[in-house]
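> sequence and predicted structure, then a few things I'm wondering about:
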Amino acid sequence: MNSSYRWVIVGAGALMTCVALGAMFSLAIFQVPIAADTGWSRAGIAAAMTLNFLVMGLGAFAWGAASDRFGVRVVVIAGALLLGLALVLASRAGSLLQFQVTYGILVGLAASAFFAPMIAATTAWFDKGRSLAVSLVSAGMGVAPMTISPFARYLISAYDWRFAMLVIGIMAWVLLIPAALLVRRAPVVDEASTVDGQMEEKNLPLGRIFRSPQFLVLGATFFACCAAHSGPIFHMVSYATICGVGPMAAVSIYSVEGLAGLGGRLLYGTLADRLGVKPVLIAGLLVQAAALATYLLVSELDQFYALAVVFGSAYGGVMPLYAVLAREYFGPRVIGTVFGAVSMLSSIGMAAGPLIGGWIFDTFANYSWLFIGSSMVGLGAAAIALAFPPMRRLQLQTA
């Protein structure tokens with residue numbers, strides 16, 4: 001576990017999450033140019049993003065299980081090949097349906113091949129400093145809005161959206177395939193290890209894992225956490241505009257949140273290594289809930305910026321901690337499957353937030369209930385997290 005190669009794994013993981021998630025979330029940059037060029041409805045184009053979240057959830061579980069069985073390298077190479085192909089095909093789409101299939105389904109499936117498997121691989125390489133290492137891999141998601149999205153915007157302005165998407169697809173191959181080839185298995189450890197004075201068993205059935213209090217609390221907390229922040233994140237620009245903030249300044253609020261999330265991952269990861277994962281996670285969830293409620297009181301740009309720092313660092317900081325908990329509860333053998341399963345639940349929460357937020361605005365003509373409801377869901381996530389069992393791994397029942 002002292003091998004310096006573990007930092008190569010961290011670097012490769014951060015690069016892959018940045019490129020893959022950045023390519024998927026850049027749809028927000030492509031939406032207006034695609035609609036102007038093709039005449040497709042914005043709702044139809046945006047539906048590809050909903051498909052991304054849903055497919056990404058299912059894909060995270062499937063790819064995570066595959067990484068446990070076949071190894072992480074095979075999975076991320078397959079994801080790299082598929083992501084580039086999906087973007088190239090989407091750039092050539094001749095109809096809205098073709099675009100929804102290629103970008104909404106294939107890009108979502110490909111993007112899900114990186115996060116859960118690489119997070120799982122990183123937990124296996126680190127014994128000490130595991131929370132910080134996982135946070136660094138996850139930080140690739142925070143860098144994506146500051147790299148892939150501006151690059152896409154430049155290409156669209158200089159050429160057109162089809163050329164831009166084609167270039168990003170080729171770039172995905174160029175960057176991701178070599179990075180995937182760097183991935184190796186962690187050094188082999190004993191099949192059984194002592195945790196809190198107990199022996200971790202090798203062949204714990206998945207059925208028992210998925211019925212265990214540890215998994216149920218982990219999955220429910222992750223779902224509620226993402227359901228709480230996804231709606232406000234998606235509708236933040238619109239909300240700030242309604243409050244009187246200019247359109248370009250409103251977009252910058254989203255960028256501040258992303259940058260704060262990058263710092264939050266490093267801060268919360270370091271604190272989790274020193275203070276323990278559970279108390280830091282619960283504290284972060286409480287900060288997130290408080291920040292969501294506070295959005296009801298802000299209206300000026302500087303107030304939005306200040307709150308974006310708190311909110312972004314909180315939701316960005318807690319996200320990697322779920323993987324650390326999964327590793328500590330269930331061990332290395334099934335970490336890909338378990339974290340893939342809880343990631344699937346989190347993706348469902350992410351997909352629900354924007355839709356519910358849109359319905360609230362259409363019904364009440366304001367976002368007040370979105371932030372009230374999201375804050376309550378965030379408090380619920382913290383309450384669920386309080387139910388985490390003691391930190392010890394599951395055991396097979398002895399006859």
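Yep, that arrived. Numbers count the residues shown, from 1 in each chain.
> where does the stretch 251-399 of the chain have low pLDDT?
Confidence mapping of the stretch 251-399 of the chain against pLDDT under 70 gives the ranges 391-399.
> for the stretch 1-150 of the chain, same thing?
Per-residue confidence of the stretch 1-150 of the chain (counting by pLDDT under 70) places the weak regions at 1-2.
> what about the helices in it?
Secondary structure of the stretch 1-150 of the chain (DSSP state H, counting those that start in this stretch): helices at 6-25, 27-38, 42-70, 72-91, 96-99, 108-111, 115-125, 130-158.
> what's the answer for the stretch 251-399 of the chain, then?
In the stretch 251-399 of the chain, the helices defined using DSSP H, counting those that start in this stretch lie at 277-294, 301-318, 321-330, 335-364, 368-385.
> and the second one, what other elements does it pack with?
In other words, helix 301-318. Under the contact criterion of 3 or more C-beta pairs under 8 Å, 6 or more residues apart in numbering; DSSP states H and E, the helices and strands touching helix 301-318 comprise helix 213-242, helix 247-275, helix 277-294. To be clear about C-beta, it is placed using only N, CA and C from the backbone, and glycine gets the same treatment.
> any idea which of these gets closest to Asn366?
Ranking the helices and strands packed on helix 301-318 by their distance to Asn366 (criterion: C-beta to C-beta) puts helix 213-242 first, at 7.4 Å.
> now do the buried residues in that closest one.
Across helix 213-242, burial judged by 16 or more other C-beta atoms under 10 Å covers 214-215, 217-237, 239-240.
> with stretch 131-147 instead?
Buried positions in stretch 131-147, judged by neighbour count with 16+ other C-beta under 10 Å: 131-145.
> for Leu21, give me its contacts.
Each residue near Leu21 by C-beta atoms under 8 Å, 6 or more residues apart in numbering is listed here: 111, 114-115, 140-141, 144.
> if we can go back for a sec, with distance to Val72 as extra columns, can I get the helices and strands packed on helix 301-318 in TSV?
Putting those into TSV (distance: least, C-beta to C-beta, whole Å) gives the following:
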stretch	distance to Val72
helix 213-242	21
helix 247-275	21
helix 277-294	22
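> so which of those helices gets nearest Ala80?
Relative to Ala80, the nearest member of the helices and strands packed on helix 301-318 by C-beta to C-beta is helix 247-275, separated by 23.3 Å.
> and that closest one, how far out from the chain's middle?
Remark: helix 247-275 is offset 13 Å from the chain centroid, using C-alpha atoms, centre = their mean, to the nearest Å.
> which strands and helices sit next to it?
For helix 247-275, the contact count by 3+ C-beta pairs under 8 Å, 6+ apart identifies helix 130-158, helix 213-242, helix 277-294, helix 301-318, helix 321-330 as packing neighbours.
> roughly how far does Ile9 sit from Ile233?
Using C-beta to C-beta, to the nearest Å, Ile9 is found at 29 Å from Ile233.
> meant to ask about Phe361
From Phe361 to Ile233 the distance is 15 Å (C-beta to C-beta).
> what does Tyr103 give?
20 Å.
> now do Leu325
Plainly put, Leu325 is 23 Å away from Ile233 if you go by C-beta to C-beta.
> what residues are up against the nearest residue in space to Gly64 that is not next to it in sequence?
Counting by C-beta to C-beta, 6 or more residues apart in numbering, Gly64 lies nearest to Gly340, which is 2.2 Å off, once chain neighbours are set aside. Neighbour list for Gly340: 60-65, 67, 116-117, 120 [criterion: C-beta under 8 Å, 6+ apart].
> do the same with Phe364
No residues are in contact with Phe364 under the rule C-beta under 8 Å, 6+ apart.
> quick one: it from Tyr239, how far?
Between Phe364 and Tyr239 the computed distance is 13 Å (C-beta to C-beta).
> using PDB, write out every CA atom in stretch 252-272.
Coordinates of the C-alpha atoms in stretch 252-272 are reproduced here as PDB (Å, rounded to 0.1, in the frame of the first residue of the first chain):
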ATOM      1  CA  SER A 252     -21.100  32.600 -13.000                       C
ATOM      2  CA  ILE A 253     -22.900  31.500  -9.800                       C
ATOM      3  CA  TYR A 254     -22.900  28.000 -11.200                       C
ATOM      4  CA  SER A 255     -19.200  28.200 -11.900                       C
ATOM      5  CA  VAL A 256     -18.500  29.400  -8.300                       C
ATOM      6  CA  GLU A 257     -20.400  26.400  -7.000                       C
ATOM      7  CA  GLY A 258     -18.300  24.100  -9.100                       C
ATOM      8  CA  LEU A 259     -15.100  25.700  -8.000                       C
ATOM      9  CA  ALA A 260     -16.200  25.500  -4.400                       C
ATOM     10  CA  GLY A 261     -17.100  21.900  -4.800                       C
ATOM     11  CA  LEU A 262     -13.500  21.200  -5.900                       C
ATOM     12  CA  GLY A 263     -12.200  22.800  -2.700                       C
ATOM     13  CA  GLY A 264     -14.900  21.100  -0.600                       C
ATOM     14  CA  ARG A 265     -13.800  17.700  -1.800                       C
ATOM     15  CA  LEU A 266     -10.300  18.300  -0.600                       C
ATOM     16  CA  LEU A 267     -11.400  19.900   2.700                       C
ATOM     17  CA  TYR A 268     -14.000  17.200   3.600                       C
ATOM     18  CA  GLY A 269     -11.700  14.400   2.400                       C
ATOM     19  CA  THR A 270      -8.900  15.600   4.700                       C
ATOM     20  CA  LEU A 271     -11.300  16.100   7.600                       C
ATOM     21  CA  ALA A 272     -12.700  12.600   7.100                       C
END
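> what comes into contact with that stretch?
Contacts to stretch 252-272, defined as C-beta under 8 Å, 6+ apart, come from residues 131-136, 138-139, 141-146, 233, 236-237, 240, 245, 280-281, 284, 301, 304-305, 308-321, 324.
> repeat the analysis, applying 6 Å as the threshold.
The contact list for stretch 252-272 (C-beta atoms under 6 Å, 6 or more residues apart in numbering) reads 131-132, 135, 138-139, 142, 145, 236-237, 240, 280, 284, 304-305, 308-309, 312-313, 316-317, 320-321.
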